[in-house]
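# Got a predicted model here, sequence first, then my questions.
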Amino acid sequence: MADVIVTQSGPVLEIRLNRPDKKNALTGEMYDAVEAAFKRADADPQIRVVVLTGTGDTFTSGNDIRDFQARAATREGIQVSPFLNALSSLTKPLVAAVNGAAVGVGTTMLAHADLVVAVRAARFVMPFTSLGLVPEAASSLLFPLLVGYQRASALLLLGEAIDADTACEWGLVNKVVSEADLMSTARDYASRLAALPPEAVRQTKALIRNGRPDVPGRIEEELALFRQRLRSAEAAEAFQAFMEKRKPDFSRFS
């Protein structure tokens, strides 16, 4: 079965990350598939809303480290900007249904969603610095705006995890529900959005988003640093420690 399942029900396009045996860790092919689905939604006037979710107990554990390392030796390795640009420029409303842990890009992408529903067991963590990396998806810009500078520093610098109730209190999540109610709640949001005048919805989303600073510029700025960091000795130690299931040792770095 495909690692990304895309289905359409009337005016709603549903994208499901479907690699539960790997905690929905994202590969290059999965990024491409989601990007294509976003572009399909924007190009099709019959599609009014997009819903994004995952299969199993994890929304996504972030990038697949083995796949990421394999591609890091080539220029292909970090070409995620097409996905990020498609996500940040999506004109149709995006409803995220977070079915479990959201790690790395699993959390940063939520700053681009219009409505977010999460199960009570969901956890949100962005462990970029511990991997010798920097944040992406314009999270260094959007999270201080979304949750405040001090909270964003704890999330992005320390990689502190927060639970669903805290994410809701901080404004990252709209509603926390039971697992049984997750998809019905997300689909209810989607159906309510789809029933509204479509151009009014798109223009309102654009007005909300256009009030933010330069998101595309920050995405590219972050990715330039991300590319450098991915090939750094610090990242190599972090990835090797991950593979060897040990604690990384950064004591030799200055």
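That came in fine, so what should we check first?
# C-alpha from now on. contacts and neighbour counts both.
Fine.
# where in the stretch 1-150 of the chain is pLDDT low?
Within the stretch 1-150 of the chain, the stretches with pLDDT under 70 are 69, 71-79.
# all strands of it, in order?
Using DSSP state E, counting those that start in this stretch, the strands of the stretch 1-150 of the chain run over residues 4-9, 12-17, 49-54, 58-60, 94-98, 101-103, 115-119, 123-125.
# Walk me through which strands the third one pairs with, and which way each runs.
Paired strands of strand 49-54, with direction, are strand 12-17 (parallel), strand 94-98 (parallel) (DSSP bridges).
# which residue is nearest the middle of this structure?
Central residue of the chain (Cα atoms, centre = their mean): residue 109, 2.7 Å from the mean position.
# Which residue, neighbours along the chain excluded, lies closest to that residue?
residue 137 (6.4 Å; Cα to Cα, 6 or more residues apart in numbering).
# Nearest to residue 194, out of the strands of the stretch 1-150 of the chain?
Closest to residue 194 of the strands of the stretch 1-150 of the chain is strand 49-54 (Cα to Cα; 6.1 Å).
# quick one, the closest one and strand 115-119 angle?
Put simply, strand 49-54 runs at 30 degrees to strand 115-119, going by axes from the mean of the first three to the mean of the last three Cα atoms, to 10 degrees.
# returning to that earlier point: can you put the strands paired with strand 49-54 in CSV and add mean neighbour count?
Below are the strands paired with strand 49-54 laid out as CSV (neighbours: other Cα atoms under 10 Å):
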stretch, mean neighbour count
strand 12-17, 22
strand 94-98, 28
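# could you dump these to JSON lines with distance to residue 227?
What follows is those, written out as JSON lines (distance: least, Cα to Cα, whole Å):
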{"stretch": "strand 12-17", "distance to residue 227": "25"}
{"stretch": "strand 94-98", "distance to residue 227": "27"}
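# right, so of those strands, which gets closest to residue 39?
strand 12-17 (11.3 Å).
# which residues touch the closest one?
3-8, 24, 30, 34, 37, 41, 47-55, 59-60, 190-191, 194 (Cα atoms under 8 Å, 6 or more residues apart in numbering).
# Then stretch 134-152?
With contact meaning Cα under 8 Å, 6+ apart, stretch 134-152 is reached by 84, 105, 108-109, 111, 126, 128-129, 153, 156, 170-172, 215-216, 218-219, 222-223, 225-226, 229.
# Any idea how far apart the tips of it sit?
This stretch, stretch 134-152, spans 13 Å end to end (Cα to Cα, to the nearest Å).
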